[in-house]
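Peer 1: Sequence first, predicted model second:
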Amino acid sequence: MIKIRNKLWAVCVLTIICIVLINPSLAAALPYINSPYYCLVDGKSGQIIVSRQADEMRPVASTTKMMTAILTVEYADTAEIAVVSSNAQRTPEYAIGLREGQELTVAELLKAALICSANDAAVVLSEHIAGEERFFAHLMSKKAFVLGAFNTHFTNASGLPSSDHYSTAYDLTRIGRYLLDNEYLQELVATRQTQFHHPGYRKPMIINNTNSLLGTFRGADGIKTGTTNAAGKCLVASATRDNRQLIAVVLRSGNRSGDCAALLEYGFNSSKLVKVVDKSVPFKQINLLGKNIPYLDLYPKDDIFVWVTENSPDIQKKVEVRYLVSPPLKAGEKLGTLSVYADNQLVQSTDLICREAVKPDGNALRRFLQNLRAN
């Protein structure tokens with residue numbers, strides 16, 4: 001009886017292996033993610049690869065400091081000297097122990113804010129830039145909106161709990177992508193350990209990055225952790241392999257590093273780039289007035305690609321075009337726009353153009369009458 005069971009078990013295992021080999025997509029299923037709010041995007045295009053409740057507005061703790069750092073480098077030089085205020089000194093933990101009247105460079109404050117997530121350092125930066133933290137938070141919210149993070153609002157620079165301070169997993173991917181476009185900040189968020197020149201100590205402090213994926217996950221290069229009772233444990237993580245960068249965000253996770261590692265691994269191994277618009281193939285025909293040939297082919301100016309997994313996204317193509325045109329037309333002239341959406345998120349837009357120049361009809365009267373009729 002035992003031998004029969006062992007044989008049946010062996011047959012089941014071999015069957016499963018054969019199914020996986022025949023249909024590899026079954027082996028590439030999304031792993032279990034502890035976080036109820038997550039989003040994985042392609043770093044270059046920003047296209048969502050996989051997500052869950054990614055537009056749910058949530059407290060996001062110290063991931064807020066990504067925006068604090070963005071505004072800092074855009075409004076101040078890193079060599080500038082900032083002075084610690086009494087308000088900054090009273091900032092709740094985690095703080096790096098700054099005291100009123102102490103002076104630090106913006107560069108040192110950015111280290112403390114981004115690498116070891118010091119709340120007092122973030123407040124000093126906000127006051128140095130805007131005079132007061134509340135106004136700085138207003139600028140943060142405006143910047144978020146400009147970046148397309150429409151469901152984000154900030155009331156402070158550190159991420160400490162506030163009823164009107166929130167963002168979403170998707171919005172944090174947009175803010176993270178923008179931060180990584182800045183080489184200075186990109187280098188900071190990828191730093192595992194560095195020295196911090198604390199004005200209260202004679203020797204530099206050694207500070208370690210709160211992002212445990214750095215050095216443990218292949219290709220990990222950022223970005224920011226966040227932890228409060230209200231937000232839970234959050235992480236905006238990035239990784240780069242073979243010149244491809246992915247960004248994963250998890251909110252209120254029981255295992256933020258494990259969740260982001262699983263999402264990033266899934267993105268690298270289980271998504272592929274598919275061409276959905278071919279610039280060599282005419283996409284649209286429009287009426288051409290004043291010529292013997294009544295129609296004109298329009299071509300996309302660029303190829304457009306979409307990342308797909310075993311669950312292909314819902315792809316939509318939206319067109320805006322001039323349907324009635326008359327010569328003359330230049331080769332490459334724009335006559336419309338094609339936009340591709342994946343799961344209702346814009347992936348890319350490209351011009352619709354005519355490939356060849358079209359000369360005007362020699363009969364001026366006929367051209368005038370045709371244009372009059374069209375109008």
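Peer 2: That came through fine.
Peer 1: mind showing which ranges of this protein have poor pLDDT?
Peer 2: 1-28, 290-293, 361-375 (pLDDT under 70).
Peer 1: One more pass at 50, please.
Peer 2: Applying pLDDT under 50 to the chain picks out residues 1-27.
Peer 1: domain assignment for it?
Peer 2: 32-270, 276-374 (automatic domain parsing).
Peer 1: which of those domains sits most buried?
Peer 2: Across these, averaging neighbours per residue (mean count of other C-beta atoms under 10 Å) puts domain 32-270 on top, at a mean of 20. (C-beta placed from N, C-alpha, C; glycine too.)
Peer 1: what is Ile207 paired to in the beta sheet?
Peer 2: Under DSSP bridges, the beta-bridge partners of Ile207 are Thr194.
Peer 1: same check, this time on Gly226
Peer 2: Bridge pairing for Gly226 - DSSP bridges - gives Cys234.
Peer 1: isn't it right next to Thr64, touching?
Peer 2: Yes - counting by C-beta atoms under 8 Å, Thr64 is a contact partner of Gly226 at 7.1 Å.
Peer 1: Report the set of residues contacting both of the two.
Peer 2: Residues touching both Gly226 and Thr64 (C-beta atoms under 8 Å, 6 or more residues apart in numbering) are Gly159.
Peer 1: Please identify the helix or strand for Ser238.
Peer 2: In the assignment (DSSP states H and E), Ser238 maps to strand 232-241.
Peer 1: list the helices and strands the helix or strand that comes right after that strand packs on?
Peer 2: Using DSSP H and E, the helix or strand that follows strand 232-241 towards the C-terminus is strand 244-253. Packing partners of strand 244-253 (3 or more C-beta pairs under 8 Å, 6 or more residues apart in numbering; DSSP states H and E): strand 37-42, helix 169-180, strand 232-241, helix 256-270.
Peer 1: Which parts of the stretch 51-200 of the chain are strands?
Peer 2: 81-83, 103-105, 193-196 (DSSP state E, counting those that start in this stretch).
Peer 1: Would you mind putting the ones you listed into TSV with distance to Pro313 alongside?
Peer 2: Converted to TSV, the strands of the stretch 51-200 of the chain look like this (distance: least, C-beta to C-beta, whole Å):
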stretch	distance to Pro313
strand 81-83	45
strand 103-105	45
strand 193-196	39
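Peer 1: quick one: which of the ones you listed is nearest Leu324?
Peer 2: Nearest to Leu324 among the strands of the stretch 51-200 of the chain is strand 81-83 (60.4 Å), distances taken as C-beta to C-beta.
Peer 1: Quick check: can you name the pairing partners of the closest one and their directions?
Peer 2: Assessed with DSSP bridges, strand 81-83 is paired to strand 103-105 (antiparallel).
Peer 1: what does the strand it pairs with rub up against?
Peer 2: Residues contacting strand 103-105 (C-beta under 8 Å, 6+ apart): Thr78, Ala79, Glu80, Ile81, Ala82, Val83, Val84, Leu98, Val124, His197, Pro199.
Peer 1: From these, pick the one nearest Trp307.
Peer 2: Thr78 (35.3 Å).
Peer 1: distance of the residue nearest to the closest one when sequence neighbours are not counted from Ala79?
Peer 2: Distance criterion C-beta to C-beta, 6 or more residues apart in numbering; nearest residue to Thr78, sequence neighbours excluded, is Ala107 at 4.0 Å. With distances taken as C-beta to C-beta, to the nearest Å, Ala107 is found 7 Å from Ala79.
Peer 1: Ok, Pro199 next?
Peer 2: 16 Å.
Peer 1: try Ile70
Peer 2: For Ile70, the distance to Ala79 - C-beta to C-beta - is 18 Å.
Peer 1: Output the helices and strands packed on strand 244-253 in TSV, with distance to Glu93 appended to each entry.
Peer 2: Output for the helices and strands packed on strand 244-253, formatted as TSV (distance: least, C-beta to C-beta, whole Å):
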stretch	distance to Glu93
strand 37-42	25
helix 169-180	23
strand 232-241	16
helix 256-270	19
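Peer 1: Identify whichever of these lies nearest to Pro31.
Peer 2: Taking the helices and strands packed on strand 244-253 one by one with C-beta to C-beta, helix 256-270 is closest: 4.6 Å.
Peer 1: what angle separates the closest one from strand 232-241?
Peer 2: 30 degrees (axes from the mean of the first three to the mean of the last three C-alpha atoms, to 10 degrees).
Peer 1: Does Glu133 touch Asn87 like I think?
Peer 2: Yes - with contact defined as C-beta under 8 Å, Glu133 reaches Asn87; the gap is 7.4 Å.
Peer 1: Mutual contacts of these two, please.
Peer 2: In contact with both Glu133 and Asn87: Val123, Glu127, using C-beta under 8 Å, 6+ apart.
Peer 1: before we move on, the earlier item: could you check the helices and strands packed on strand 244-253 and tell me which one is nearest Tyr94?
Peer 2: Here strand 232-241 is closest among the helices and strands packed on strand 244-253 (C-beta to C-beta), at 13.6 Å.
Peer 1: Using PDB, write out every CA atom in that closest one.
Peer 2: What follows is strand 232-241 as a C-alpha-only set of coordinates in PDB (Å, rounded to 0.1, in the frame of the first residue of the first chain):
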ATOM      1  CA  GLY A 232       2.200  50.600   9.700                       C
ATOM      2  CA  LYS A 233       5.400  49.600   8.000                       C
ATOM      3  CA  CYS A 234       5.800  51.100   4.600                       C
ATOM      4  CA  LEU A 235       8.500  50.900   1.900                       C
ATOM      5  CA  VAL A 236       9.200  52.500  -1.400                       C
ATOM      6  CA  ALA A 237      11.800  50.200  -3.000                       C
ATOM      7  CA  SER A 238      13.700  50.400  -6.300                       C
ATOM      8  CA  ALA A 239      16.000  47.900  -8.000                       C
ATOM      9  CA  THR A 240      17.900  47.900 -11.300                       C
ATOM     10  CA  ARG A 241      18.900  44.900 -13.300                       C
END
